[in-house]
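J.: Need a 3D model of the following:
(2 chains)
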Amino acid sequence: MHGRVCCGLVPHLELARRPELIGRPAVVRRDDGRVLAASPEAAASGIRPGHTLRQAEALSPTAAIVGTDPVATSRLAERIAAQLYDLAPVVEVRLDGCAWLDLTGVPHPGRAIGEARRRLREAAGVEPRLGLAPGPFAAARAAARARPGRLIRVEDVRAFLDRLPVAELGRGAWPGLLDAELLERLDLLGLRTLGAVGALGPRQLESQLGRAGRTAALLARGEEPLSLTPWRPLTVTGARCQLEPPVEDREALLFVARRLCGDLAGELGLRGAGARRLAVRLGVEGGSPEERESVVRHPLSSAAELFGLASSWLREWRPAAPVTEVTIEAPELEPAGRRQLRLWVGGDGSAEEVEAALERLQERHGGETILAVRPALVTSPLPRQRYALCARGGR
Amino acid sequence: MQEERLRSAIGAIHVRFGSHALAQANRLPPSRPWPTGQPAVDRLSGIGGLPRGRVSVLQGAPGSGKLSLALAMLAQATLEHARTVVIDGHGGFDPWIPDRLGADLGALTVVRPPTPTAAGEAAVALARAGAGFELVLEALPEAALSPLESAASRSGCLVVVVAGAQAWAGGANMEPRALAHASSLTLQLERLEWRRRRDLVMGVLTLVRCVKNKLAAPGAEAKLEVRYPLGPRQPADEAPRELRPAVAEISQPEVELCTDESAAG
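T.: Residues are numbered from 1 along each chain as shown, chains lettered A, B, ... in the order given. Reported below is the predicted structural model:
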């Protein structure tokens, strides 16, 4: 049983990271001298990935040809994934411009799709094309057919896929699928639509084309054998500020620390994480840095929480010399705490913080202060017998 | 010159306290209502529900139905929020009514602080932590109200204070001034008559008036029939949970008694 997967399509990220190429015919050159990706304007001239540069030049003489920068492109993919991460439990962003969000269980999928559209538009500079289907393959195929800024929703996936040509099962559509030779064999077998491939069945196609054939047959039937590879946030982050001239005043240090905590909280919010460990390092003039570090029971994620701990250290800290640098780091992030806040409604994302506050109150005022309600003799006429108010954590 | 100085002062405030500390009125975020599940109350608020991140007050004489109305809101809130909290210093809170109204008791935590000061501390800490809904059945100390307002505003926590008998005892303008100041929405309930069936009190017909509203025009009023759930819980009540009506709006006072099937047992 599948949920709902939304796919947003933007140009290949090698093109998307170059805003100056928006609206112009442009191709990205692979190391082997072939076309890796073509802008919509270049594609309109007939340029396709896999063409040689000579072919591309012949088809569109004015097209700009740019090289690849895998590091910058991966960074853009990371940034897009981080921006989409709080909209859906599973997010995958591919370098070819496909971004998937598995919306299964998301309370307001419509809002999540709208927000994903806005963020993709901001990241790529163009309106994404959107598809919504029970699985990632069908969603991507739907998105490929949508107009920019529009969504195609696939309800009957089999009916939608049946009419598509078998070229949709090629490696251009999904890595690891059928190569050109296998597609040609399908053509020779007279299988020209996904409906025909699906009707043949996975076992028959596996016997002809191997494992890729089985996968292709299942995809053609809308059974979605390929799953998304969820993006996960990084596990360490920090914020740093150099002080020139060096600072001795404690209030000034606290002011800087507050700002750094705000930056760090923003970073943690982007990653949907909380700090499991917090470290504050002071670089001092003419000496080795001084550091304090602590493991926290509940992940810290808001600026107030981070500053609460950091400021308690700074108020007692006596640096050996004037401070030249303040670094606040979260060396260990906790993905379970406050992650993906906007996925939840009604402030549920802050449940961990509420738990922590309840624990603190319990420690401060005693075990009988915080009580959970459990049904006891619910049919009793005496109010006090109907429910047991038990200390939190007890049974 | 004066404008220059004003701009510089505004800049200093932004640097020191952040941009949220001072903002033009037209740049303030719009109020976010939380529909209470009681359409009449939502309409009285003028924004379609209780304002999130604000303190709302229900006040009235004993027997006016303010606690029943608050518990109906609590029952609704337990279904929508992961953490709902009741601050109950006097220990009088009985989970029975919310349960009969279909509340999810697993989402409910009862805080019974030993002193009013501790109650204030708990209310502020939980609002700051981002509890979804906080029902305060305790007279909070004046010093806690301003931090409570600020904490709720930052986290978006819904705080509902039931102004108790002490507040009512003062007669006109019964609520303490500090609570009146902290409140963004104050609903005053006035009992018009008991609703009885045979000799049994089944509920109360009450007039609800919006006496303070920072987000819309005050002064609106509505007649509500607050129905008390009666009888112990029956095994049949283990059926899938859905909120049962506890409050009905009455357009004409002479309306027949609304019978609650769940109460018949």
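J.: I'd like to know how many residues surround residue A:140.
T.: 23 (other CB atoms under 10 Å in any protein chain shown). Every residue, glycine included, has its C-beta placed from N, CA and C.
J.: Report the secondary structure state of the residue lying closest to it once chain neighbours are set aside.
T.: Nearest non-adjacent residue to residue A:140, counting by CB to CB, 6 or more residues apart in numbering or on different chains: residue A:7, 4.6 Å away. Following DSSP: H, G, I helix; E, B strand; the rest coil, we place residue A:7 in the strand state.
J.: Dump the C-alpha coordinates for the helix ranked longest in chain A into CSV.
T.: The single longest helix within chain A, with elements called by DSSP state H, is helix A:250-271. The C-alpha trace of helix A:250-271 is given here as CSV (Å, rounded to 0.1, in the frame of the first residue of the first chain):
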residue,chain,number,x,y,z
ARG,A,250,31.5,39.8,30.3
GLU,A,251,28.3,41.6,29.1
ALA,A,252,29.9,42.0,25.7
LEU,A,253,30.7,38.3,25.7
LEU,A,254,27.1,37.4,26.6
PHE,A,255,25.8,39.7,23.9
VAL,A,256,28.0,37.9,21.3
ALA,A,257,27.0,34.5,22.7
ARG,A,258,23.3,35.4,22.4
ARG,A,259,23.8,36.3,18.7
LEU,A,260,25.7,33.1,18.1
CYS,A,261,23.1,31.0,19.8
GLY,A,262,20.5,32.6,17.6
ASP,A,263,22.5,31.7,14.5
LEU,A,264,23.1,28.2,15.8
ALA,A,265,19.4,27.8,16.6
GLY,A,266,18.5,28.9,13.0
GLU,A,267,20.9,26.3,11.6
LEU,A,268,19.5,23.6,13.9
GLY,A,269,16.0,24.6,12.9
LEU,A,270,17.0,24.3,9.2
ARG,A,271,18.3,20.8,9.9
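J.: Next, residue A:388: phi, psi?
T.: phi -100, psi 130 (degrees, to the nearest 10).
J.: Surely it touches residue A:378?
T.: No: using CB atoms under 8 Å, residue A:388 is not in contact with residue A:378, being 10.4 Å away.
J.: Check the spatially most central residue of chain B and give its pLDDT.
T.: Chain B has residue B:160 as the residue nearest its centroid, 2.9 Å off, counting by CA atoms, centre = their mean. Here the pLDDT value assigned to residue B:160 is 95.
J.: In which helix or strand does it reside?
T.: Assigned by DSSP states H and E, residue B:160 belongs to strand B:158-163.
J.: Tell me which strands that strand pairs with, and in which orientation.
T.: strand B:55-60 (parallel), strand B:133-136 (parallel) (DSSP bridges).
J.: Include mean neighbour count when you put the ones you listed into CSV, please.
T.: CSV is the format used below for the strands paired with strand B:158-163 (neighbours: other CB atoms under 10 Å in any protein chain shown):
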stretch, mean neighbour count
strand B:55-60, 25
strand B:133-136, 28
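J.: which residues are contacting whichever strand or helix holds residue A:139?
T.: Following DSSP H and E, one finds residue A:139 within helix A:136-145. Helix A:136-145 is contacted by residues A:5-9, A:92, A:98, A:100, A:102, A:128-133, A:152-154, A:157, A:160-161, A:164, A:168, A:173-174, A:219, A:222, A:224, A:226-228 when judged by CB atoms under 8 Å, 6 or more residues apart in numbering or on different chains.
J.: mind redoing it with 6 Å?
T.: A:5, A:7, A:9, A:98, A:100, A:129-131, A:133, A:152, A:154, A:157, A:168, A:219, A:224, A:228 (CB atoms under 6 Å, 6 or more residues apart in numbering or on different chains).
J.: Residue A:333 is in contact with residue A:273, isn't it?
T.: Yes: using CB atoms under 6 Å, residue A:333 is in contact with residue A:273, at 4.2 Å.
J.: Get me the contact residues on the stretch 51-200 of chain B for chain A.
T.: B:80-83, B:94-96, B:105, B:108, B:110-114, B:118, B:122, B:125-126, B:129-132 (CB under 6 Å from any CB of the partner chain).
J.: now do 8 Å
T.: B:77, B:80-83, B:85, B:94-96, B:99, B:105, B:108-114, B:118, B:121-122, B:125-126, B:128-133, B:155-157 (CB under 8 Å from any CB of the partner chain).
J.: Buried only: go through those residues for me.
T.: B:77, B:80-83, B:85, B:94-96, B:99, B:105, B:108-113, B:118, B:121-122, B:125-126, B:128-133, B:155-157 (16 or more other CB atoms under 10 Å in any protein chain shown).
J.: Among those, which are located in strands?
T.: Counting by DSSP state E, those place B:85, B:108, B:109, B:110, B:111, B:133 in strands.
J.: Just the closest of these to residue A:51, please.
T.: residue B:133 (60.2 Å; CB to CB).
J.: For the residue found closest to that closest one once you drop the neighbours it is linked to in the chain, list the residues it contacts.
T.: Distances taken as CB to CB, 6+ apart place residue B:77 nearest to residue B:133, at 3.6 Å, with adjacent residues excluded. Residue B:77 makes contacts with A:346, B:34, B:84, B:132, B:133, B:135, B:158, as judged by CB under 8 Å, 6+ apart.
J.: quick one: least confident helix or strand in chain B?
T.: helix B:165-168 (a mean of 50; mean pLDDT, DSSP states H and E).
J.: Next SSE downstream of it?
T.: Helix B:165-168 is succeeded, C-terminally, by helix B:177-182 (DSSP H and E).
J.: rewinding a little: report the beta-bridge partners for the residue nearest to the centre of chain B.
T.: residue B:56, residue B:135.
J.: do you know how far the closest residue to chain A within chain B is from residue B:34?
T.: Going by CB to the nearest CB, chain A is nearest to residue B:130 of chain B, at 3.0 Å. Counting by CB to CB, to the nearest Å, the separation of residue B:130 from residue B:34 is 14 Å.
J.: Just to check, residue A:13 is in contact with residue A:96?
T.: Yes: if you go by CB under 8 Å, residue A:13 and residue A:96 touch, sitting 7.5 Å apart.
J.: re the thing from before, who touches the strand holding residue B:160?
T.: B:34, B:50-60, B:66-67, B:70, B:73-74, B:77, B:123, B:127, B:132-137, B:139-140, B:148, B:152, B:174-175, B:179, B:183.
J.: Ok, stretch A:159-171 next?
T.: Outside stretch A:159-171, the residues within contact range by CB under 8 Å, 6+ apart are A:133, A:138, A:141-142, A:154, A:173, A:177-180, A:183, A:186-187, A:191-198, A:216, A:219-222.
J.: So which of the residues you listed are in helices?
T.: When these are checked against helices (DSSP H), the matches are A:138, A:141-142, A:180, A:183, A:186-187, A:194-198, A:216, A:219-220.
J.: give me the low-pLDDT residue ranges for the stretch 151-300 of chain A?
T.: Applying pLDDT under 70 to the stretch 151-300 of chain A flags residues A:171-173, A:175-176, A:234-236, A:270-272, A:297-298.
J.: What parts of it come near chain B?
T.: So far as CB under 8 Å from any CB goes, the stretch 151-300 of chain A lies against chain B at residue A:262.
J.: Which residues are in contact with each of residue A:333 and residue A:273?
T.: With CB under 8 Å, 6+ apart, residue A:333 and residue A:273 have common neighbours A:233, A:299.
J.: So between those two, which is more surrounded?
T.: Taking other CB under 10 Å, residue A:333 and residue A:273 do not tie; residue A:273 has more neighbours (28 against 23).
J.: and that one, how far is that from residue A:108?
T.: 23 Å.
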